[in-house]
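A.B. asks: Please find the sequence and the predicted model below.
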Amino acid sequence: MTLTKRFFQRVTVGLCWLVALSGTVGSVQAGEYAALRESLRARSMGGAFTAVANDEYSLFYNPAGLRSVYYNIFTLVGASTTFNKTTEDFSKESNASSALSSYSGKRLYLEPIDLGLLSFVNSRFGWSIFGNSVFDFSIDSISASNVDATFKAYGQLGGVLGGAWSFLDHQLDFGISGKIANRNGSETTVTVTEQAIIDAYVSQNTAALENSVKTSYDKKTDYSADVGVVYHLESFYTLSPKLALSYLGGLDFGGAGKIPGTLNFGAATESEFSGIDIIMAADYVDLLDAQKLTGSKLRLGFELGVEKLNNGHHIASFRIGHNGYLSNGISLNLWKLKIDYAQYSQTTSSGLEDKRKSLGFSLVF
Amino acid sequence: MKKRVMILRLFALAVGVLLVAGCTTQGRRTALTFERSFFYEELYDSMEQLKYYGYDESVQQSMSVLKTVRWVSKYEQEPGKRELAVRALVFLAFSSDDGDVRARAESRLEAILEDNDWPLHLKMAVLDGIIDLANGSNGFPEEYDDLITNFGVVSGEREDALEFLLGQFEDLAPELQYHAASGLHRFLRQSVSLESCPVNICDIDIRIDVETWEKGKEVQPIVPSNADPNAVAAGAYGEAEWKPISEKLDWQEELDDLKFLVWEELEDIFTETDDVPLLVRQRLARFIGEIEQFSLNEEIAQSFQDRVDEWIPNESISIEVRDLMRDGRERVSTYGAELDTPAKFSKTQLRELPQRNVGFLEIHLAALLKSQHNRQRSGLRAGPPELSALAFSEFDDSASGLIRHEVIWRTLSEALEAGLVIEDAGVDSKALRMLRQVEDRTQAAEDAELTETHLAARMVLQPLLELIGNLYPSLKQRRQDPAPLLEGLGGSAAQASRIADQRRYLEVLAAGAKTFPEDTYTVSESLTMEMDLIIRHRLTIAMEL
């Protein structure tokens, strides 16, 4: 039993590495909102960020948001990791092999690292260099030593460069950006039978086991442009509402996945009460229904922040949001070290809630 | 469910912590003050405080300041509050240390000047704010030893502001061009003073030592070590000298450079015959006769003169404008910059003065008025010409007529300010009659496009009102009842549809408070309730003085 457990652990880890090293991953599960890169801040606000965008992630949500970046924000390095509840539970299992059977029909979702490097934004232009990866492991069925599972994973490297301008006495902001990404991805199906394992273990014959793993790889570079507008309803002093529309150009990585071109609408208010900055936001995403989302398209977010520092972030921020499920998060900006935490949910293609947590650290100047 | 409740509780706790720790930005504080208060002093202090936060504070504070001034300038109902915000906007547009704040403030200034929806008084406030910034009075406050001192911004920022104004000049409406010309005149006449000195030259130590600024520092003569003490005491090596402090010399140099910047740009305006009305160009051309009053050092004064020498033969500049330039210089060469050489004309020539051409008036009128004033000071009657006839005969809105009024009204106004008294009877009624004639020309039917006549009349209304504001001592001298004039002005103010016009009338009315406090109070009291808070404040100040 111990041997089987170890073997299964090795197989699991080995497959993961295989996927990762090969450039990993197929498309993200259909029906789930697909984006090139997501902000932990936005995730904890339920994803309502189209009109809010005013930090180094503006380029990934709405390039017009650059005009709301009032600081010169230089991110030396930022790294975050995300995992779902299933992955978290699995990692706590003392006996993974025996526990695995109970994960039949479940999905392990992991973004091992989302890395941002040498990114810079200010109110006129910005760029971002990034690399991230996703593991999406669905155990369709598992019984005894028979495993039927699907791995989808990808790793990507890319960059975004954008600029923004204001019109109508700074009431209308317009932004445009170009993005390029190279994605290595694969989709791997694993159909392991007990016999194949015995052959591999007892007679060192791994042919059957290797045949039980079928992987399709793809590696592709694609580029596209994003455009966005933000209109500030200046006559309302206290709430300072704004309306935003952004079109995030689609990227097609062939077998490594696809991000459909997405038109998002957002509204947000930015107000101050007793020294606290308050943001309320609402988005209606994917107006063109390109992503065929299974979950709610309406996203709501709320953020409280106190005392912005010169790196453009509050010393402390608290957020809650709703995208069909409640989300929340916190950020602490300790001089130049920013720590973000988000707890949120996504709706999977089967319409179920997938609870996730993200933790990020960045050096922002 | 329990978890959600916990999250919401934690969130509520976080809100509580933030509320305790939070520190309201100055922008928000000022916005709240502007929302509830209608006291000029409180609003002014709050806006001045706001300027300080926009000048040199964190980006968060600066953006909050910007948001407030932009909002108040456009959406506040009370016109006076809007004007206070516009003044702060001017300051931020050129002096904030944040590029975004400057760009957004400047964008609003451009919108105010270009967009017809903005009222004239706010457009004028932009121009006045720029001139005040260049003069140092639109600065920022800082407190030292419980004393709040206004610091003027550095010369580079003043230069940016003046360049903005000069860059916009040709695109301004004629009435605003005329107002801007008056502002530039005010700037060129600015002397080197402690109040106008920039913050980087005159720190608080310089500012509190007014005596040293005025007198300078005593410099002892160089005495050899073996000098005879008796000879030293007898002054054989010279007397100790008082020399201006280096900060004063530095400011003189920078101010001269700023003035020269304006001077050089005038050439472009003189040649813009299509976009700048003749009256405005002539108003600017008259500055040339005042170079000696611009408090320049010799070298830069010569540079001013050199420019004039290039303009006078320049055929791109219209002949009427060049004639005025030449006449202005001739006045100085004939009578001196201080009009020290007396004007000598026969009585007949003086009686014929009202019929003389503009050039003659530009050369001789100031000197003649000074001669009249000198006679009055000697206890004699002023003698001819009859000033009320000269100033308040029929209004002539032809091109030559307008500049003629301009020359007469402004020259007479300066003489009255210097102490000349008009001895003619009925000067007030004649002035009022002229005022009504000009007003009639300013009024166009509703929605009708303004003609050049309307615009010209609106321009010359300004020097006429300034002249009327200087008539009070003459009325008092003749023991005339000021009520008809004051009531006439009050009536015009009440009927004026534009706030800018109301201000013009009420400023002239308020000028009467010094000479006729009770009568002015009676008239102004009935008006103040209908006026905006800045007018009310100005009237109140005038009454208190």
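C.D. replies: The structure has been received and is ready for your questions. Owing to the predicted nature of the structure, the values given are computational and were not obtained by experimental measurement.

A.B. asks: Only C-alpha atoms from now on, for both contacts and neighbour counts.
C.D. replies: Noted.

A.B. asks: how about the strands in the stretch 201-350 of chain B?
C.D. replies: For the stretch 201-350 of chain B, the strands defined by DSSP state E, counting those that start in this stretch cover B:217-219, B:241-243.

A.B. asks: can you list those in TSV and add mean pLDDT, distance to chain A and mean neighbour count?
C.D. replies: Output for these, formatted as TSV (pLDDT from 0 to 100; distance: least, CA to the nearest CA, whole Å; neighbours: other CA atoms under 10 Å in any protein chain shown):
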stretch	mean pLDDT	distance to chain A	mean neighbour count
strand B:217-219	86	45	13
strand B:241-243	86	46	13
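
A.B. asks: want to try CSV for those, with distance to A:Val121 as columns?
C.D. replies: Output for those, formatted as CSV (distance: least, CA to CA, whole Å):
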stretch, distance to A:Val121
strand B:217-219, 52
strand B:241-243, 53
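
A.B. asks: Make sure A:Val160 is indeed in a strand.
C.D. replies: Yes: looking at A:Val160 with DSSP: H, G, I helix; E, B strand; the rest coil, it is inside a strand.

A.B. asks: Now do the same contact list for the residue of the stretch 51-200 of chain A found nearest chain B.
C.D. replies: Going by CA to the nearest CA, chain B is nearest to A:Asp169 of the stretch 51-200 of chain A, at 5.6 Å. Applying CA atoms under 8 Å, 6 or more residues apart in numbering or on different chains, one finds that A:Asp169 lies in contact with B:104, B:107-108, B:111.

A.B. asks: Let me know the secondary structure of it.
C.D. replies: Assignment for A:Asp169 (three-state DSSP): coil.

A.B. asks: So for it, what's the pLDDT?
C.D. replies: Here the pLDDT value assigned to A:Asp169 is 94.

A.B. asks: mind listing the helices for the stretch 151-300 of chain B?
C.D. replies: B:155-168, B:174-188, B:204-208, B:210-215, B:229-233, B:246-271, B:278-285, B:298-311 (DSSP state H, counting those that start in this stretch).

A.B. asks: Below-threshold pLDDT in the stretch 301-450 of chain B: ranges please.
C.D. replies: The model of the stretch 301-450 of chain B has pLDDT under 70 over residues B:444-448.

A.B. asks: mind checking pLDDT for the residue of chain B found nearest chain A?
C.D. replies: Nearest to chain A in chain B, going by CA to the nearest CA, is B:Thr24, at a distance of 3.7 Å. Looking at B:Thr24, its pLDDT stands at 83.

A.B. asks: Could you do the one 3 residues further on as well?
C.D. replies: You'll see B:Gly27 listed with a pLDDT of 88.

A.B. asks: Quick one: low-confidence residue ranges for the stretch 1-150 of chain A.
C.D. replies: Using pLDDT under 70, the flagged stretches of the stretch 1-150 of chain A are A:1-30, A:96-98, A:100, A:144-145.

A.B. asks: tell me which parts of it are close to chain B?
C.D. replies: Proximity of the stretch 1-150 of chain A to chain B, by CA under 8 Å from any CA of the partner chain, involves residues A:70-71, A:123.

A.B. asks: again, only using 10 Å
C.D. replies: For the stretch 1-150 of chain A, the residues in contact with chain B (CA under 10 Å from any CA of the partner chain) are A:67-71, A:122-124.

A.B. asks: Mind putting those into CSV with secondary structure?
C.D. replies: Shown next, in CSV, are those (three-state DSSP):
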residue, secondary structure
A:Arg67, helix
A:Ser68, helix
A:Val69, coil
A:Tyr70, coil
A:Tyr71, coil
A:Asn122, coil
A:Ser123, coil
A:Arg124, coil
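
A.B. asks: possible to save those as TSV with neighbour count?
C.D. replies: Shown next, in TSV, are those (neighbours: other CA atoms under 10 Å in any protein chain shown):
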residue	neighbour count
A:Arg67	28
A:Ser68	21
A:Val69	22
A:Tyr70	24
A:Tyr71	22
A:Asn122	23
A:Ser123	23
A:Arg124	21
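
A.B. asks: taking the mean pLDDT, what do you get for stretch B:171-178?
C.D. replies: 94.

A.B. asks: what about residue 212, how many residues close to it?
C.D. replies: I went with chain A, as the question did not name one. Here the number of neighbours of A:Ser212 (other CA atoms under 10 Å in any protein chain shown) works out to 17.

A.B. asks: Please refer instead to chain B.
C.D. replies: 16.

A.B. asks: Not counting its neighbours along the chain, what's nearest it?
C.D. replies: B:Ile245 (7.5 Å; CA to CA, 6 or more residues apart in numbering or on different chains).

A.B. asks: That neighbour against B:Gly216, yeah?
C.D. replies: Yes: using CA atoms under 10 Å, B:Ile245 is in contact with B:Gly216, at 5.2 Å.

A.B. asks: Need the overlap of contacts for these two.
C.D. replies: Common contacts of B:Ile245 and B:Gly216 (CA atoms under 10 Å, 6 or more residues apart in numbering or on different chains): none found.

A.B. asks: In this structure A:Glu210 contacts A:Val190, no?
C.D. replies: Yes: counting by CA under 10 Å, A:Val190 is a contact partner of A:Glu210 at 9.3 Å.

A.B. asks: who has more neighbours, those two?
C.D. replies: Under the criterion of other CA under 10 Å, the comparison of A:Glu210 against A:Val190 puts A:Val190 first, with 22 against 14.

A.B. asks: so that one, which of the three states?
C.D. replies: strand.

A.B. asks: Enumerate every residue touching it.
C.D. replies: Applying CA under 10 Å, 6+ apart, the residues near A:Val190 are A:15, A:139-140, A:146-151, A:209-215.
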